[in-house]
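Novice: here is my input; please provide its structure:
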Amino acid sequence: QQQQQQQPQPLMYGRYPPQYLYFEQYAYPHAIPTGGGIVPGMANMHIAQAGFRPAPQMGQMRAPVQLQQQGFYPPQMPMYNQMSSSNVTPQVLSQMCGPQQSGGAPIFSIDVECVATGPQHNKRAVAQIALVDQNEKVRCNLIVKPKEKVFSYLTGLTGLTKEIIDQKGVSFDDAINEIKRLLPSNAVLVGQNILKDVQWVGLIEGKDFQGMRDLAGLYRVYNQNYKKYTYFSLQHEARALLAVIQEEPHDAATDAIISVRLYNLYQNISKNPRLMQAVEALLLNTPVEKSFAAKYPVYDKVCMGRRKECKCGAPFFY
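Specialist: Numbering: from 1, shown residues only. Just a heads-up that it's a prediction; the model follows:
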C-alpha cells in the first residue's frame, strides 16, 4: 500500500499555481522543468525541488519556439499514458497541442474566406487568405480584392465589408505570390477540408507544397448507430476538444491557428488508443451547434449551400 501511494500521479488541469502558466493564444497551465519535458509525478513534488522555474507572466505572449529556446517546453506525451479516458477533458487536451520537433516536413495551415459574386452557392471569390506555421505564428493574413463584382460580402460570416476590402485589399495575384514566397515547397498543409482551400488559391501539390492532411479525416469517428463515419466541422472539433468557442463572423487567421492546434493535438495523441477513444467520445457526445448555413440557409439574398434548403438550382460537386 505504501508503494502504491508513492506512484506518480498524472498531471491534471489546474494543478499548478498561476505564476507557472504561460500564455500563447490563451492559457496553457504547465509547470515546465528547465531540463525540458514534463516529468510524471510532479504534482506531488515541490516546484522548486523539482527544478522548475516560473514561466512568463500571465498575458505575456510568446510563440512555442521562443519558449523552447528559452528553456520552456510544451507538455510531452509520455506522462499522459497514465491517464484514463474518464478524466480527459478539453482543458486537459488543450495542454497537449505543442508542436512536435521531429525535424520532419514543416507544417503549415492555410485558410480562405470568400465573398459572394452571385446569389448561387457556387458563386464565390477569395477575399481573405491566412497562412500559419506549426508554432501558430501567423506568417501572413491578406485581404484580397476580388476580380469579379461582389454581390454580397457575407459580412455576418466573413466579417468583411466593402470598406475593409477597399482599404486593405491587395490583388489576388500579389496575394498568391506572397503565399508561395512564404510556403516551403516541402511543407505539409493541414486544415479542415484543406483541399478546398488549396484549390481556391491555385496551389499545386508536389510543386508549391509536399502534401495535405485533412482534419475532417483525422477526426472522423465511426458511428455504430448509423454504421458509417461521422465527420465534424472545425468549430465542433475546437469546441469539443479544446473548449474554444468560435462565434461568427469567421476569420481566416483564427481558423488556421485552430487548425494547427488541432493537428498538433492529433500528432501528440494519435498513438495512444485510450486518448483517441476519449477524443472520439468527446466529439460524439458534445452537442453540435448549428452552423452559419444551418441558421441562415439564405443570407443577404445568397444561397449558403445547404442541400435540403437549397433553392438556387446550382449544382453540388461534393
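
Novice: what strand or helix carries Gln128?
Specialist: Using DSSP states H and E, Gln128 sits within strand 124-133.

Novice: give the other helices and strands that that strand contacts.
Specialist: Packing partners of strand 124-133 (3 or more CB pairs under 8 Å, 6 or more residues apart in numbering; DSSP states H and E): strand 107-116, strand 138-145, helix 172-182, helix 194-201, helix 252-269. Any C-beta I mention is one placed from the backbone N, CA and C, and that applies to glycine too.

Novice: for it, C-alpha coordinates in CSV please.
Specialist: Below are the C-alpha coordinates for strand 124-133, written out as CSV (Å, rounded to 0.1, in the frame of the first residue of the first chain):
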residue,chain,number,x,y,z
ARG,A,124,-17.7,32.8,-54.6
ALA,A,125,-14.4,34.7,-54.8
VAL,A,126,-11.4,34.7,-52.5
ALA,A,127,-11.4,37.7,-50.2
GLN,A,128,-9.0,36.7,-47.3
ILE,A,129,-6.1,34.3,-47.1
ALA,A,130,-4.1,33.4,-44.0
LEU,A,131,-1.0,31.3,-43.6
VAL,A,132,0.0,30.0,-40.2
ASP,A,133,3.0,27.8,-39.3
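
Novice: least trustworthy helix or strand in the protein by mean pLDDT?
Specialist: Within the chain, no helix or strand scores below strand 22-23, which has a mean of 27 by mean pLDDT, DSSP states H and E.

Novice: and the closest residue to Gln235 other than its chain neighbours, what does it touch?
Specialist: Spatially, and ignoring its direct neighbours in sequence, Gln235 is nearest to Gln246 (4.8 Å; CB to CB, 6 or more residues apart in numbering). By CB atoms under 8 Å, 6 or more residues apart in numbering, the residues touching Gln246 are 234-235, 238-239, 254-255, 258.

Novice: now Lys311
Specialist: Contacts of Lys311 by CB under 8 Å, 6+ apart are 298, 303.

Novice: want to throw the helices and strands packed on strand 124-133 into CSV with mean pLDDT, distance to Ser291 and mean neighbour count?
Specialist: As requested, these are exported to CSV (pLDDT from 0 to 100; distance: least, CB to CB, whole Å; neighbours: other CB atoms under 10 Å):
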stretch, mean pLDDT, distance to Ser291, mean neighbour count
strand 107-116, 96, 15, 25
strand 138-145, 95, 23, 18
helix 172-182, 96, 26, 15
helix 194-201, 95, 15, 17
helix 252-269, 93, 13, 24
